[in-house]
Structure formats: C-alpha cells, structure tokens
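Enquirer: Structure here, sequence nowhere to be found:
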C-alpha cells in the first residue's frame, strides 16, 4: 500500500512539474500574443489615420479637378475664338504673327500643366486604393489575432483550472516549499556521473594501495636502519631513544593498512545505482578517522626521528656534508608531517556533509577541493626534496670506509621506497588536478533550487526511496506471461464454451456417481456385517443342537461310564474346559471383513453380550466406511487436479514446440546471414588487400621517381655550383 501511494505521489509530482512548465510556456505565449496584438492595434490606428489623410487629399483633388475641368472648358472656348481670330488675321496680312504664336504657346503650357497634374492625381488615387487594401488586410489580421488570443486565453485558463484542481485534490502537499521535505525527493539518475565516480574511486583505490605499500616499506626499512646504524644491535646495545623509535616504527602496519581498507570500503559504496555526493558518501568518515590515526602516528614518531638524525650527526664518523644532509632531512620530515596534518584537516572537512552538514556549507566545497589539490602538490614537492637529500646522504655514507654491506642494502631499500613515494604522490596530485572539475561540479542532488542544508538522515532516506523506486520499476518491466493469441481464442471460443458446459455436466455426473457409490458401499458393508452375524448365530445354533443331540443320545441309551473312569474323564474334561474358558477369556475375539478387523477382549468374569458386540462391530465398520469414503473423495479430487495439470502441460508442450520451431527458423536465418556476412567480409578483405598491394606498388614507383628527381636535382645543383665557380674564377 505504501509503495502504491509513493508511486501515485511521484506520478502526481511529475504531472505537476509538467503542468507547471507548460503553464510558464503558455504564459509567455500569452504575453507575446498580447504584445503582438497591441502592436497590430497601433499599426491599425496609424493606417486609419493615413487613410483619412488620403481621403481628404482625394476630396481636395476631386475639387481641384473640377476647377481644372472648368478651366479647360474656358480655355477651349478661348482657343476656338483665337483660331477664328487667326483665320481673320491671315486675311488681313502678316503684320501681326508674334502675338498669335505667344497665345498658342501659352495654351500648350497650360495643357501640359493640366496633364501633369492629372497624372499626379491618378498616381495618388492608385496609392490610396493600395493603402485601403492594406488597411483592410490589417483589420482582418488584427481580428484573427484577437480571436486566437481569446482562444489561447480560454485554453490556458481551462488547463490552469484543471491543474489547480488536480493539485488541490490529489497532491497532499508541495514538498518544494519546505527544504526538509524537498531533500527526500529522488533526483534524476545521472548514469554518466555515477560511472565517472566509479572510475575515479577505482583509480583512487589503486593509488592508495601504491601509497600504502610505499609507506610500509619506508617505515620498515627505517626501522632496520636504526638497528644497524650508528650502532649495530647485533654487536652492541643501541640507545634508548632508537629503541623507543624502533618500537614505534614496528607498529606502522596497524596504522597504514587501515588506509587501504577504508578507501576500498569507500569504493564499494560507489555503485552505478547509487547517488554519489558528499552528503551520501557515508564511508568517507571512517576513512577520515583512519587517516587521522595515521597522522597521529606520524606526529608521535617525528620527535624520535629528529633526535635519531641528531644522534647520527654526533657520531664520530659523520662529516660536515653528512651533517648538512641530516639537517635538511630533519626539515623535510617536519614539512612531510605538516602536510599530512593539512591533508587530514581537508579530508575531515569533506567528511562533514555526511555527518554534520551545518559545519561545512555547500559554497565552500570548491575551496576545500582546491586547497586539497594544492596540498597534494606540496606533498609531491616535499617527497622530491626528501628523495634528493637522501640520495646525497647515501652517496656520502657509501664513501666511508667503515660502511657495511647490510647498511648499503638497507639504504638502497629506503631510497627505493622514497622514490616510490615520490612517484605515487606525483600520480595522485596529477590525478586529483585532472579530476578537480568533476569534484567541484555541482551534483544533481545538492544543487536543487530551494534546498538548504542536507541532513544525512534525509540523504539516507532518499537512497532508500531510490531503491524502492528502482525495485518498483523493475517489477513493472517483468515480461507478461504467454497467452493464447486473440484470433485463436476467438476461433476456439465455441469449442471452449461447449467443453466447459460438458465439463460441468460431467463433473455433476461424477459427483452423483460418487454419492451413489458411497451409499452402495455403506449398504454392502452393512449387509456383510449382517451376514457375518447371521453366520455366527448359525454356528452357535448348530453347536447347541449338537450338544442337545448328544445329551439326548446319552439319556436314551443309558450307557454311563464307570465311576473311576468317569471321574477321571470328568476331572480331565473339567480341567480342559476351564483352560479353554481361561484361554478364551484372555485371547481377543476377532472378526474380519474386507474393510478391516475388529478385536474384542473378554474378562474372566464377563461374557460379552451379543447386542453390545453387534453394536461395537457395526460402529467400527461404519467409521471405517466413512474414512474410506473420504479417502476415495480425496483421491478423486487429486485425480481431477492431475488431469487438469496434464492438459495444461500438454498445451504448454505444444506452445514450446511452436516456439522451438520459430526459434529454429530464426536460427537458420541467422546462420544464413552469418554465412553471407562472412562471404562479404572475405570479399571486402580481398579487395582491401588488392588495393593495399596496388597502393604499395604505386608508393614504390613514386619513391623511385622521387629518388630520380632528387638525383637530377643534386646533379643540377652540382652543375650550377661548378658553373658558379668557373664564373668566379673568370
């Protein structure tokens, strides 16, 4: 039930987020459409104003056109009169031609001016008609946009009402309003991030293993060096300081080995299905604790290490250069311990989000990772200095005449372990710098909007919810069981219905037959009991008749036996009768039948009554009959069940045969495709080989031509040089 509610809640939350996103998009579309509508309205107003202006101009032009028409009519009348006057003047003579020409020129000028004005007027009319058409189009577009805007607004309001109703009715609460509820939401699964985290953690485990091995060798070989230099423990007693220092170094494995185990546990916690962040990395806290214990070990042995180097400086064979190297090593070891302390601080800070998130804000994660990378670079630099100074010290010690082979071997081992430490620290700092962007990138879980400090308990609950959701999705992905195809089911529907009806009828007949059989069995047992009882009665009656016949024979014959023999026989017969009675009283009386056996015992003083004995026998056999009847019914039900199972198995066998046939056909097709692909592969391989051989031949020919050209170029150069020398000599 809880899983169903969780699934419904998640589904509603997804729908809510989708509707909220759609609402934002639709709001933006409404705003854009409103802005477009207002711009169209302003454009429509401007078009209306221009149309009005053009209408006024058109009215003024029509008025002016009327005036011009009147003027043209007057001019035409004047032209007629002038022409008449010209004709008259021709008759009078040629003394007045200049005024007539001037009047004609004036008329032509006015006519030309009228034509120009009429042309302008026509252009303006055409332009006004086009503007009117554009204004109508703009009005229609504005009306369509307003209608679309109304439809969009109605649709948006309807969908908004539906969304609000769904949220109010189905969503119990909005978890994004409260940060403590928001942290329980399962984030979207970033598989690429998880694979990258898995890869990075695997590389970190490998580097940690190398670092642990190098540190173990360094501490162990340092302990061996203390035992043989400056005083060999095999020949003399070393100083109490070196004894204590050797004792502490002997415990290095108990502090160094847990580093590898802690990193391995951290790697195992990073899986493809989990969510890897600083808030969910709970295994980082144990690693921080074991790293803190190792740093405490380094701080504990640092004073002894410094004093041991001072003791070497005080030795009589220690030269000035060797003392200088020891002083440099003292400084290097102090830096080495200080850098490990810094690393411990930064690792402890990174472990805080999974235990106490209030102590480290999310905005400071990048700073911690950056400082950690810088600290790793400093560690690599210090290890390079230690390697350099210790190699110089070893070379100076090997120049001494009193050095032993054991000390040389130990120095070489220490130097190799220091070089290994230098190499592994360099790899670690390079690895961390290359993946610094991945470490500082915001995660899907911790970068949600409105999320404050993430509680570790909330992170754990989120991981549990993620596992439940993954299990639910996995259960949904289960393949459906095989069923009968729809067409086949429709075709066999009548047969199935008739078979079900006949099956029901047969089952009823079987049940009735079973009831009849049970009744007949009971009657059979009853009559068998009656027959047995009648047989017993018959035997008793026959025995009684025989006894009476014997008595009657003795009484009528009158032959009595002698007293002695009679007494003896009587005593013997009485003893035998008593023995028989005792034997009969002690042994059980058994009555057997086809359904069982009944045994009854008689006491010495009691003789069973026939009616009670018949009642006991009858009750026993009735119980036996009921028991056998129930067993028979159980056996019948089992047989029916087994029959149904056999039919189901037969159907499954037929389906399996069909699937086997289809799979065999698919296998044949696949084999055919494989053969075809192999043939294509061989052909392409041959073609590529031919092309490669041709290319190689071409390259050989090109190389030959190049060599010939180079020889020609060299010969030409030599010739030019010889010509130049000859010219110079001239």
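Expert: Ah, there it is. Since this is a predicted model, take the numbers as computed values, not measurements. Numbering: from 1, shown residues only.
Enquirer: Tell me where the longest helix sits in this structure.
Expert: Looking only at the chain and at elements set by DSSP state H, the helix with the highest residue count is helix 610-729.
Enquirer: how close does the residue nearest to residue 23 when sequence neighbours are not counted get to residue 24?
Expert: By the measure of CB to CB, 6 or more residues apart in numbering, the closest residue to residue 23 outside its immediate chain neighbours is residue 160, 6.2 Å from it. C-beta coordinates here come from the backbone N, C-alpha and C atoms, glycine included. Computed with CB to CB, to the nearest Å, the distance linking residue 160 and residue 24 is 11 Å.
Enquirer: do residue 297 as well
Expert: 58 Å.
Enquirer: okay, the two: which has more neighbours?
Expert: Set side by side, residue 297 and residue 24 show unequal neighbour counts under other CB atoms under 10 Å, the larger going to residue 297 at 19 against 10.
Enquirer: Let me know the next secondary structure element after the host helix or strand of that one.
Expert: Per DSSP states H and E: residue 297 is located in helix 284-313. Read in the C-terminal direction, the helix or strand following helix 284-313 is helix 320-350, with elements assigned using DSSP H and E.
Enquirer: is it true that residue 227 touches residue 243?
Expert: No - if you go by CB atoms under 8 Å, residue 227 and residue 243 don't touch, sitting 9.5 Å apart.
Enquirer: More neighbours: which of the two?
Expert: Between residue 227 and residue 243, counted using other CB under 10 Å, residue 227 has the larger neighbour count: 18 against 15.
Enquirer: Next, the more buried one: secondary structure please.
Expert: helix (DSSP: H, G, I helix; E, B strand; the rest coil).
Enquirer: any idea how far residue 330 is from residue 310?
Expert: 8 Å.
Enquirer: for the helix holding residue 297, what is the average pLDDT?
Expert: Predicted confidence along helix 284-313 averages 92 (mean pLDDT).
Enquirer: how big is the angle separating it from helix 320-350?
Expert: Using axes from the mean of the first three to the mean of the last three CA atoms, to 10 degrees, the direction of helix 284-313 lies 170 degrees away from that of helix 320-350.
Enquirer: Which elements pack onto helix 284-313?
Expert: When contacts are defined as 3 or more CB pairs under 8 Å, 6 or more residues apart in numbering; DSSP states H and E, helix 284-313 sits against helix 240-249, helix 253-269, helix 320-350.
Enquirer: and the last one, what other elements does it pack with?
Expert: If I follow you right, that is helix 320-350. Using 3+ CB pairs under 8 Å, 6+ apart as the contact definition, the elements that helix 320-350 packs against are helix 284-313, helix 365-398.
Enquirer: So what angle separates the directions of the last one and helix 284-313?
Expert: Compare the direction of helix 365-398 with that of helix 284-313 by the same axes, to 10 degrees and you get 30 degrees.
Enquirer: Can you point out the buried residues in helix 365-398?
Expert: When neighbours are counted by 16 or more other CB atoms under 10 Å, the buried residues of helix 365-398 are found to be 365, 368-369, 372-373, 375-387, 389-390, 392-394, 396-397.
Enquirer: and the closest residue to residue 270 other than its chain neighbours, what element?
Expert: The shortest distance from residue 270 to any residue other than its chain neighbours is 4.7 Å, reached at residue 201 (CB to CB, 6+ apart). Taking DSSP H and E as the criterion, residue 201 maps to helix 191-228.
Enquirer: Can you list the buried residues in that helix?
Expert: Buried residues in helix 191-228, defined by neighbour count with 16+ other CB under 10 Å: 193-194, 197-198, 200-201, 203-205, 207-208, 210-228.
Enquirer: could you give the angle of that helix to helix 365-398?
Expert: What separates the directions of helix 191-228 and helix 365-398 is an angle of 30 degrees, with the same axes, to 10 degrees.
Enquirer: list the contacts for the residue positioned nearest the centre of the chain?
Expert: Relative to the mean C-alpha position of the chain, the nearest C-alpha, by CA atoms, centre = their mean, is the one of residue 273, at 5.3 Å. Contacts of residue 273 were listed using CB atoms under 8 Å, 6 or more residues apart in numbering, and they are 194, 466, 467, 470.
Enquirer: Give the helix, strand or coil label for the residue nearest to the last one when sequence neighbours are not counted.
Expert: With CB to CB, 6+ apart as the measure, residue 273 is the residue that lies nearest to residue 470, at 6.3 Å, once sequence neighbours are left out. At residue 273 the chain is in coil, as set by three-state DSSP.
Enquirer: measure the nearest residue to residue 274 once chain neighbours are set aside to residue 428 for me?
Expert: Distances taken as CB to CB, 6+ apart place residue 463 nearest to residue 274, at 6.6 Å, with adjacent residues excluded. When distances are taken as CB to CB, residue 463 and residue 428 turn out to be 29 Å apart.
Enquirer: ok, these two, which is more surrounded?
Expert: When neighbours are counted by other CB under 10 Å, residue 428 comes out ahead of the other of residue 463 and residue 428, with 21 against 17.
Enquirer: Isn't the more buried one up against residue 209?
Expert: No - with contacts defined as CB under 8 Å, residue 428 does not count as touching residue 209, sitting 11.6 Å away.
Enquirer: Let me know the helix or strand that the residue nearest to residue 274 is in.
Expert: Using DSSP H and E, the secondary-structure element containing residue 463 is helix 456-476.
Enquirer: Show the low-confidence segments of the stretch 551-700 of the chain, by residue range.
Expert: Judged by pLDDT under 70, the stretch 551-700 of the chain has its weakly predicted residues at 556-613.
Enquirer: next one: the strand or helix carrying residue 551 to chain centre, how far?
Expert: The secondary structure element spanning residue 551 is helix 493-557 (assigned by DSSP H and E). A distance of 74 Å separates the C-alpha centroid of helix 493-557 from that of its chain, computed with CA atoms, centre = their mean, to the nearest Å.
Enquirer: and that helix, what other elements does it pack with?
Expert: Applying 3+ CB pairs under 8 Å, 6+ apart, one finds that helix 493-557 makes contact with helix 610-729.
Enquirer: which other helices and strands contact the helix it packs on?
Expert: Counting by 3+ CB pairs under 8 Å, 6+ apart, the packing neighbours recorded for helix 610-729 are helix 493-557, strand 597-600.
Enquirer: Most tightly packed of those?
Expert: Taking mean count of other CB atoms under 10 Å as the contact definition, the stretch among those with the greatest mean neighbour count is strand 597-600, which reaches a mean of 14.
Enquirer: just checking, residue 249 touches residue 219?
Expert: Yes - distance between residue 249 and residue 219: 5.2 Å, which falls inside the contact criterion (CB under 8 Å).
Enquirer: mind listing what residue 198 touches?
Expert: Contacts of residue 198 (CB under 8 Å, 6+ apart): 270, 271, 272.
Enquirer: now residue 394: how far from residue 685?
Expert: Using CB to CB, residue 394 is found at 59 Å from residue 685.
Enquirer: no, scratch that, I was asking about residue 369
Expert: For residue 369, the distance to residue 685 equals 52 Å [CB to CB].
Enquirer: again, but for residue 490
Expert: Here residue 490 is placed at a distance of 54 Å from residue 685 (CB to CB).
Enquirer: and the residue nearest to residue 274, what is it in contact with?
Expert: Residues touching residue 463, when contacts are defined by CB under 8 Å, 6+ apart, comprise 274, 275, 280.
Enquirer: Let me have the residues you listed in CSV, extended by distance to residue 635.
Expert: Rendered in CSV, the data for these read as follows (distance: CB to CB, whole Å):
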residue, distance to residue 635
274, 56
275, 59
280, 61
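Enquirer: nearest to residue 76, of those?
Expert: Of all the contacts of residue 463, the one sitting nearest residue 76 is residue 275; the distance, using CB to CB, is 101.0 Å.
Enquirer: these two touch, right, that closest one and residue 465?
Expert: No - using CB under 8 Å, residue 275 is not in contact with residue 465; the gap is 10.6 Å.
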